[in-house]
Each structure stands twice: as C-alpha cells, then as structure tokens.
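[1] A predicted structure for the sequence below; I have some questions about it.
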Amino acid sequence: MLIRMEYHLQQGLPLSYRNASLFQGMLMQRIDREYGEVLHRSERKPYSQYLQCHEGQSIWVLQTLTDEAAMQLIDVPNLQQNDMLHLEWLGLSTKITAVKRESLTHDDLLQQTFFAKCPRTIGLQFITPTAFKVQGRYQNYPTVQHIFSSLLQKYNAVHTQTEISDENLLEDLQRFISVIRYNLRSIGFPVEGVTIPAFIGTLVFRISGPQQLVNLVHLLLWFGTYAGVGIKTAMGMGAIRLT
C-alpha cells in the first residue's frame with residue numbers, strides 16, 4: 001500500500017527530506033501503542049516513508065509492505081484530506097491538502113516482473129539520501145552487491161513464504177549487472193544530531209544473462225520502490241524510483 005499526501009504548513013515554512021524523521025515521529029504517536037512497540041523491536045521495518053519537496057509542492061509518501069502494516073500505519077491513523085498533522089519537535093502544524101492511495105499486491109508484482117519479459121536496461125533514481133552500513137561503517141556510494149543485498153534482505157523479511165534464496169545469487173547479480181551510466185553526488189542526512197554520509201542521483205543498469213535473472217532484477221527493484229534501499233528507510237532515507 002502506498003499513500004501519497006500533499007501537505008501545506010500553516011506557517012508557510014519550507015521543509016525538505018531532512019525533516020522526514022519528524023513525520024515518522026508524528027506517525028508513531030497516532031498508531032496503536034502495542035504495535036508501535038513491535039515496530040521499535042523490529043530490526044527490519046515493514047514500511048518506508050519520505051518527504052518530496054519540488055517546485056513548491058510538498059508531499060509525504062508512506063509505503064507499507066504487509067497487510068498488517070497497511071492497517072496499523074494507514075487505516076488506524078486514518079490519514080485523510082484536511083487532517084492536521086502536528087510536528088511537535090518544530091512546534092508546527094501542517095494540513096493534508098490531498099491524498100492519493102495506490103496498491104500493488106504481491107501476485108500483481110510477480111505477474112508484472114518475474115513472469116513477464118522485462119527489458120535488459122533499467123534506470124534507478126535515488127530520490128532521497130541513500131547509504132549502506134558495511135562492516136560497521138557508513139558507505140556513501142552504491143555498488144551492485146550492496147543494492148541487491150539490501151533488497152534481498154528486505155524482500156525475504158516480508159515474503160517468508162516466497163523467500164528468494166540462492167547462495168550464488170548475489171555473485172550472479174554482480175556478474176550479469178553492469179552500470180552503464182551514472183550521475184551521483186554525495187550528500188548528508190541528519191539523524192539525531194549526527195550527519196550520515198550518503199548519496200543521491202541516478203544509475204542505469206544493463207542486465208545480461210538469462211531472461212529469468214533479468215525479471216528477478218526488475219522484481220527486486222520494483223519491490224524497492226516500496227521498501228526503499230539501504231539504511232534508515234523508515235526515517236526518510238533510501239527512497240528510489242525506476243526510470
């Protein structure tokens with residue numbers, strides 16, 4: 001489930017991707033307390049969210065990966081047009097001016113990717129700052145290994161009955177996926193007084209090998225548009241779009 005909410009700050013002050021954690025905090029205050037505790041204990045969150053601010057338009061995007069998460073994070077908070085959201089840390093209120101919902105079932109995702117004939121070239125845009133945690137350190141540049149390792153872990157954490165498990169799969173992905181174009185730059189993402197080194201920009205992949213592998217790459221990347229990629233996707237990092 002994806003819910004895209006346009007919002008307007010009553011004070012007219014601009015927000016950016018840096019403020020996404022404030023929306024996460026506001027959301028946690030509106031959900032069931034017991035479910036909030038479950039999320040707090042979970043290493044991999046069943047949702048992602050981020051802020052998009054472009055050409056005067058401000059949008060909060062909230063995406064859930066399971067039916068339970070959709071109910072608890074979208075239905076229970078009952079986020080509707082004209083609803084007021086209170087960002088306590090800034091002492092600000094914002095009004096939801098428009099709401100758009102989209103849904104993509106797992107079966108539909110499989111039919112559109114894994115059981116289709118997908119193109120061998122695909123573009124990936126990192127909308128918000130993205131980073132990986134590698135051997136205890138932040139990595140602020142993408143590699144095929146770390147992008148798809150992150151997506152596989154997120155996918156398998158949600159879809160336990162259709163887990164993608166192949167000890168050689170990551171090696172195959174690195175072997176058959178080539179980055180043919182990129183336009184990236186480094187950027188920081190502030191979290192609790194610390195600035196995480198990250199990156200934004202675009203990549204274009206070319207996929208060789210069997211068609212089934214091509215389709216699997218599309219499956220994982222489309223899943224990533226809901227789950228995000230890399231670390232702290234529940235706080236506003238790692239949002240991606242396919243181009």
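    Received the coordinates, thanks.
[2] The nearest residue to residue 166 once chain neighbours are set aside and residue 122, how far apart?
    Leaving out its chain neighbours, the residue that sits closest to residue 166 by CB to CB, 6 or more residues apart in numbering is residue 172, at 7.8 Å. All C-beta spots, glycine's among them, are computed from the backbone N, C-alpha and C. Look at residue 172 and residue 122: by CB to CB, to the nearest Å, they are 17 Å apart.
[3] the more surrounded of the two?
    The neighbour count for residue 172 versus residue 122, taken as other CB atoms under 10 Å, is higher for residue 122 (19 against 15).
[4] which helices and strands does the helix or strand hosting that one pack with?
    When secondary structure is defined by DSSP states H and E, residue 122 falls within strand 121-130. With contacts taken as 3 or more CB pairs under 8 Å, 6 or more residues apart in numbering; DSSP states H and E, strand 121-130 sits against strand 47-54, strand 177-191, strand 194-207, helix 211-227, strand 240-242.
[5] who does the shortest one pair up with?
    Here strand 240-242 has these sheet partners by DSSP bridges: strand 121-130 (antiparallel).
[6] What residues of the strand it pairs with count as buried?
    By neighbour count, and taking 16 or more other CB atoms under 10 Å as the criterion, the buried residues in strand 121-130 are 122, 124, 126-130.
[7] How about stretch 103-110?
    For stretch 103-110, burial by neighbour count (16+ other CB under 10 Å) applies to residue 109.
[8] Next: stretch 36-44.
    Those would be 36, 39, for stretch 36-44 by 16+ other CB under 10 Å.
[9] Ok, stretch 211-219 next?
    213-219.
[10] again with stretch 217-230
    Neighbour counts over stretch 217-230 (16+ other CB under 10 Å) mark 217-230 as buried.
[11] And for stretch 5-24?
    Neighbour counts over stretch 5-24 (16+ other CB under 10 Å) mark 5-7, 9, 15, 17-24 as buried.
[12] Can you say which two of the residues you listed are spatially most distant?
    In terms of CB to CB, those reach their longest pairwise distance at 6 and 21, which sit 19.7 Å apart.
[13] Out of the buried residues of stretch 211-219, which comes closest to residue 144?
    For those, the minimum distance to residue 144 (CB to CB) is 9.8 Å, reached by residue 217.
[14] how far away is the closest one from residue 186?
    Taking CB to CB as the measure, residue 217 and residue 186 are separated by 26 Å.
[15] now residue 6
    The spacing between residue 6 and residue 186, counted by CB to CB, is 30 Å.
[16] One more: residue 59?
    Taking CB to CB as the measure, residue 59 and residue 186 are separated by 24 Å.
[17] and what of residue 78?
    Taking CB to CB as the criterion, residue 78 is separated from residue 186 by 39 Å.
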